[in-house]
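Undergrad: missing the sequence, but the structure's below:
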């Protein structure tokens, strides 16, 4: 999940920090992140598709923590972040659905569902600060991970993430030794979209790095400039030029969420 701020003026920005996973959790976690609105007015953020799903815990003043699980999204989603609000979150790679959550994410495409505060054993004290949240999350997830990982599935996602989805279904099938039909059946049943659609999301997300460098032409996986521009606008509601300009730090991920 990628967040971009639609705020005015540049000085009144949201603060963001992240921590990458270590050890075995790197197979399941993209990164841990925290977003805080310590400004004097609510801020609208837009959630953009990036090929990951998120576990969120929102803290507003001294109100009870609110948790939610956000599935894969294929379209921008706007969210109003209140004053004095902090979101603690974990951005997950797709294998986590099966091996940490023990569930299908198919019904959560472009949706979210509320979760209890004590989900996995979290407690109010775990949201006192970001470092403690990450430590506690790692501890809880380590006790939940499956002892028997399907090496073929893990190899599939290593391939997808390392290539940013820039491989044909035929090539993926030959490498993983699953037929295209088996691959698409698995993706549709487990994640709610086809493998091809997922590769498109990863390829789109990978373009952010080049846009930060001011490169407005396609770098990989796109037939031509028109194809590139169409895909960027489809998922961002903005042109490549608008993303690259990043006026008034509108798109926070172009300066802070620049991970692939």
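TA: That came through, no problem. For clarity, every value in this text was computed on a predicted model and none was experimentally measured.
Undergrad: Quick check: residue 67 touching residue 116?
TA: Yes. With contact defined as C-beta atoms under 8 Å, residue 67 counts as touching residue 116 (6.7 Å). Any C-beta I mention is one placed from the backbone N, CA and C, and that applies to glycine too.
Undergrad: These two - which one has more neighbours?
TA: Using other C-beta atoms under 10 Å as the criterion, residue 67 and residue 116 rank with residue 67 on top: 19 against 10.
Undergrad: beta partners of that one?
TA: Beta-bridge pairing for residue 67 (DSSP bridges): residue 57, residue 115.
Undergrad: what does residue 47 give?
TA: In beta-bridge terms (that is, DSSP bridges), residue 47 pairs with residue 3, residue 77.
Undergrad: burial count for it?
TA: Neighbours around residue 47, by other C-beta under 10 Å: 18.
Undergrad: ok, it to residue 240 distance?
TA: 20 Å (C-beta to C-beta, to the nearest Å).
Undergrad: next one: residue 179
TA: For residue 179 relative to residue 240 (C-beta to C-beta), the value is 36 Å.
Undergrad: in the protein, which spans are strands?
TA: Per DSSP state E, the chain carries strands over the ranges 2-5, 15-19, 29-37, 43-48, 53-60, 66-70, 77-81, 85-92, 112-115.
Undergrad: which secondary structure elements does the fifth one contact?
TA: Read that as strand 53-60. strand 66-70, strand 85-92 (3 or more C-beta pairs under 8 Å, 6 or more residues apart in numbering; DSSP states H and E).
Undergrad: List the buried residues of it.
TA: Under the neighbour-count criterion of 16 or more other C-beta atoms under 10 Å, strand 53-60 has 53, 54, 55, 56, 57, 58, 59, 60 buried.
Undergrad: So which of those is the closest to residue 161?
TA: Taking C-beta to C-beta as the measure, residue 161 lies nearest residue 53 of the buried residues of strand 53-60, at 14.0 Å.
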